[in-house]
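S.K.: One predicted model, sequence on top.
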Amino acid sequence: MAPLKLIVGNWKMNGLTADSRERAEKLAVAVKGRGNLPFQLILCPPATMVAATAEALRGSVIKCGGQDCHEQSCGAFTGDIAAVMLKDLGCTYVIVGHSERRQHHRETSLQVAAKAKAAHAAGLIAIICVGELDSERSAGQADSVIAGQLKDSIPDTATAENSVIAYEPVWAIGTGKTASSEDIRHMHALIRGKAGKLPILYGGSVKGSNAAEILHIPNVDGVLVGGASLKAEEFLAIAEASGEGK
Ligand code: 13P
């Protein structure tokens, strides 16, 4: 049987607890009792809503994840959250190195690797994000930027069981512009060559109408979805596209 496509919803900094609970419950009801799903749903709410979301998902096949974690397991780090704390709330996954963290919080690839390592130590699966800027792509540097980010962002503790790579071209995030199928095919093949068996997700303006095409490109093991994951129906439509055309 083909491995399940990973369909990850990154809710970013949106909504309040009641929205999270309602969306998680709606999705849990939608997949309940359905055997042989071709996908694994993973919901990554804002930190304050992780507990309510994980609670709403109790008993469901849908998993919960954090959006970031600190590289240390405890200490004087005001405002930060340790991977073990996410695990404690019922998370299975955590996103690290999202371009919005790299951009707004100046996170480096070496820090991202330390965070992924902390996630592994806490028993979480790290979703390690990489992606080039528009200017880097225009300058013909996309491949070398991604190769460099992969080299420095993947810790030596990473295995195909505890790590996932997410390729999110920065210019495609929240812009409505997706990378072309050819660009995705090319970059995912490059990442496969460097990351071995680690699952590889595509992210950047994924929606119900383009998900089937993207999910059937070789070496695309799933998608990381921002805006379109905020509506249960749209997110589900993306997930259902995993099984289309088989
Ligand atoms: P959008 O799907 O809104 O483009 O966001 C992608 C993303 O950043 C997911 O992590």
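M.R.: Structure's in. What do you need? Numbering: from 1, shown residues only.
S.K.: Return the residues of the chain in contact with the ligand.
M.R.: Contact residues (C-beta under 6 Å from any ligand atom) of the chain with the ligand: 10, 98, 168, 173-174, 203-206, 224-228. From N, CA and C alone the C-beta is placed, and that goes for glycine too.
S.K.: In a helix, residue 171, correct?
M.R.: Yes: under DSSP: H, G, I helix; E, B strand; the rest coil, residue 171 falls within a helix.
S.K.: Name the nearest residue to it, sequence neighbours excluded.
M.R.: residue 134 (3.8 Å; C-beta to C-beta, 6 or more residues apart in numbering).
S.K.: and that neighbour, how many neighbours?
M.R.: For residue 134, the neighbour count with other C-beta atoms under 10 Å is 14.
S.K.: residue ranges for the helices of the chain, please.
M.R.: Secondary structure of the chain by DSSP state H: the helices cover 17-31, 50-56, 83-88, 99-104, 109-121, 134-138, 142-153, 181-195, 208-215, 232-240.
S.K.: The last one vs helix 208-215, what angle?
M.R.: Note on geometry: by axes from the mean of the first three to the mean of the last three C-alpha atoms, to 10 degrees, helix 232-240 and helix 208-215 are set 20 degrees apart in direction.
S.K.: CA atoms only: put helix 232-240 into CSV for me.
M.R.: The C-alpha trace of helix 232-240 is given here as CSV (Å, rounded to 0.1, in the frame of the first residue of the first chain):
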residue,chain,number,x,y,z
ALA,A,232,-12.5,22.6,7.4
GLU,A,233,-14.3,21.9,4.0
GLU,A,234,-11.4,23.3,1.9
PHE,A,235,-8.8,21.5,3.9
LEU,A,236,-10.7,18.3,3.6
ALA,A,237,-11.0,18.8,-0.2
ILE,A,238,-7.2,19.1,-0.3
ALA,A,239,-6.8,15.9,1.6
GLU,A,240,-9.4,14.0,-0.6
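S.K.: and of the residues of the chain next to the ligand, the nearest to the ligand?
M.R.: residue 226 (2.3 Å; C-beta to the nearest ligand atom).
S.K.: got a pLDDT number for the spatially closest residue to that closest one that is not a sequence neighbour?
M.R.: If the residues on either side of it in the chain are set aside, residue 226 comes closest to residue 10, at 5.3 Å by C-beta to C-beta, 6+ apart. pLDDT recorded at residue 10 is 98.
S.K.: In the sheet, which residues pair with residue 10? Tell me.
M.R.: Counting by DSSP bridges, residue 10 is bridged to residue 44.
S.K.: My guess is the residue nearest to residue 171 contacts residue 173. True?
M.R.: No: look at residue 134 against residue 173 with C-beta atoms under 8 Å: they stay out of range, at 10.6 Å.
S.K.: Distance-wise, check residue 59 relative to residue 240.
M.R.: Distance check for residue 59 against residue 240: by C-beta to C-beta, to the nearest Å, it reads 22 Å.
S.K.: same check, this time on residue 170
M.R.: From residue 170 over to residue 240 (counting by C-beta to C-beta), the distance is 28 Å.
S.K.: what do you get for residue 226?
M.R.: In this view, residue 226 and residue 240 are 19 Å apart by C-beta to C-beta.
S.K.: still on that earlier bit, of residue 59 and residue 240, who's got more company?
M.R.: The neighbour comparison of residue 59 against residue 240 (other C-beta under 10 Å) goes to residue 240, with 17 against 8.
S.K.: Who are the contact partners of the residue nearest to residue 226?
M.R.: By C-beta atoms under 8 Å, 6 or more residues apart in numbering, residue 10 lies in contact with 44, 67, 95, 98, 203, 224-226, 229.
S.K.: Great, nothing more from me.
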